[in-house]
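Enquirer: Give me the fold of what follows.
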Amino acid sequence: MLALAAISLYPTIDGVDASLHRFRYGLDQGFTGLDNFSIIYGDQIFWRAILTTVLFVIVAVAIETLLGLLLALLVARELRFAGLIRVALILPMTIAPVVVGVIWRLLYASDIGIVNPLFELFGFEGPNILAHPLTAFFGLVAVDTWEWTPLLFLIILAGLHSLPQDPIEAARVDGATGFRLFFHVNFPLIANLYLICTLLSTIFSLGDFNAVFFVSGGGPANSTHVLATLGIRYAFDMANPYLGVASVMTALPLLIPLVIILMRKFRTSQVQL
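Expert: Predicted coordinates for the structure are as follows:
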């Protein structure tokens, strides 16, 4: 608990505190209240990063959870090469996130990458993924999906292997098969596990830094910046580093869920009264 507090809880509290102070080249210039929040309020790049972060989380979570479930169902059928498929699927988890970013940056590169030649091989024009905002966005979603789907796949696969067989056999005796068996028996039994996977995927996507920073760098034209990468840009801007503003951006992903939880508890208490 002490180790967890030292590497997670303390930096979080310190970051929230720093969002209320002004810094000049790393030196604390004193308490400023909500001045840092007013600075980002008028920053169009910040609002674009908010929108990109929300869309990134929605699209990535939807794809990762669904793909993880489908892959787990496929491997759970004990196919002939299920063991080999399982090993191949978990390989992305063994690669350092920084290396993942560098690999995909090279794959997407317009000059030495392999994505453009693959399109040209089938008679299509190379998309130059990192050169256009829309293709760059979905390119980053693909990186995040490739990196985190294996973890969700393993969790769901473990859940499928641990299902009680009595209700499944009873449903089969009653004639339930295929999709009907899955949606009415199997899925309700792993619904809580699937919800956990959705929450984990949301946390990973919300705090994803490596995919954006090392693949697109927030470009083109700041179109793929998320809060994490934009905060780094503000913190280490050599001309005028806004450490306090950067702390606001890194604290927002923590403050927004906290506000939602507090609002929900407040409404619950009102209903009880």
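Enquirer: What's the end-to-end length of stretch 173-187?
Expert: End-to-end span of stretch 173-187 (Cα to Cα, to the nearest Å): 18 Å.
Enquirer: Please spell out which residues along that stretch are buried.
Expert: For stretch 173-187, burial by neighbour count (16 or more other Cβ atoms under 10 Å) applies to A176, L181, F182, V185, N186. The C-beta positions use only the backbone N, C-alpha and C, and glycine is treated the same way.
Enquirer: Residues contacting it, please?
Expert: L73, L160, L163, P167, I168, A171, R172, Y194 (Cβ atoms under 8 Å, 6 or more residues apart in numbering).
Enquirer: so the first one makes contact with L160?
Expert: Yes: taking contacts as Cβ atoms under 8 Å, L73 lies within contact range of L160: 7.2 Å.
Enquirer: where does the chain dip in pLDDT?
Expert: Residue ranges of the chain with pLDDT under 70: 24-28, 78-79, 237-242, 244, 251-273.
Enquirer: quick one: the nearest residue to P97 once chain neighbours are set aside from N192, how far?
Expert: Using Cβ to Cβ, 6 or more residues apart in numbering and skipping the chain neighbours, the partner closest in space to P97 is N210 (4.0 Å). Separation of N210 from N192 (Cβ to Cβ, to the nearest Å) stands at 30 Å.
Enquirer: higher neighbour count, the two?
Expert: Between N210 and N192, counted using other Cβ atoms under 10 Å, the more crowded position is N210 (20 against 10).
Enquirer: which other residues reach the one helix or strand I203 maps to?
Expert: Per DSSP states H and E, I203 falls inside helix 191-206. With contact meaning Cβ under 8 Å, 6+ apart, helix 191-206 is reached by 53, 56-57, 60-61, 64-65, 68-69, 144, 148, 151-152, 155-156, 159, 187, 253.
Enquirer: Repeat that for stretch 138-151.
Expert: 56, 59-60, 63-64, 67-68, 71, 89-93, 97, 100-101, 104, 108, 129-130, 200-201, 204-205, 208, 211-212, 215-216, 224.
Enquirer: which residue is nearest the middle of the chain?
Expert: S205 (0.9 Å; Cα atoms, centre = their mean).
Enquirer: gap between it and L230?
Expert: According to Cβ to Cβ, S205 and L230 sit 16 Å apart.
Enquirer: rewinding a little: okay, and which of the contacts of helix 191-206 map to helices?
Expert: Judged by DSSP state H, the contacts of helix 191-206 include 53, 56-57, 60-61, 64-65, 68-69, 144, 148, 151-152, 155-156, 159, 187, 253 as members of helices.
Enquirer: picking up where we left off before, out of the contacts of stretch 138-151, which are buried?
Expert: The buried subset of the contacts of stretch 138-151 (16+ other Cβ under 10 Å) comprises 56, 59-60, 63-64, 68, 71, 89, 92, 100-101, 104, 108, 129-130, 200-201, 204-205, 208, 211-212, 215-216, 224.
Enquirer: one step back: with only the CA atoms kept, save the helix holding I203 in PDB.
Expert: Coordinates of each C-alpha in helix 191-206 appear next as PDB, following Å, rounded to 0.1, in the frame of the first residue of the first chain:
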ATOM      1  CA  ALA A 191     -21.600  -9.900 -18.000                       C
ATOM      2  CA  ASN A 192     -19.800  -8.500 -14.900                       C
ATOM      3  CA  LEU A 193     -16.500  -9.700 -16.300                       C
ATOM      4  CA  TYR A 194     -17.300  -8.000 -19.600                       C
ATOM      5  CA  LEU A 195     -18.100  -4.800 -17.800                       C
ATOM      6  CA  ILE A 196     -14.700  -5.000 -16.000                       C
ATOM      7  CA  CYS A 197     -13.000  -5.400 -19.400                       C
ATOM      8  CA  THR A 198     -14.900  -2.300 -20.700                       C
ATOM      9  CA  LEU A 199     -13.700  -0.300 -17.700                       C
ATOM     10  CA  LEU A 200     -10.100  -1.400 -18.100                       C
ATOM     11  CA  SER A 201     -10.200  -0.600 -21.800                       C
ATOM     12  CA  THR A 202     -11.600   2.900 -21.000                       C
ATOM     13  CA  ILE A 203      -8.800   3.500 -18.500                       C
ATOM     14  CA  PHE A 204      -6.100   2.400 -21.000                       C
ATOM     15  CA  SER A 205      -7.500   4.400 -23.900                       C
ATOM     16  CA  LEU A 206      -8.100   7.500 -21.700                       C
END
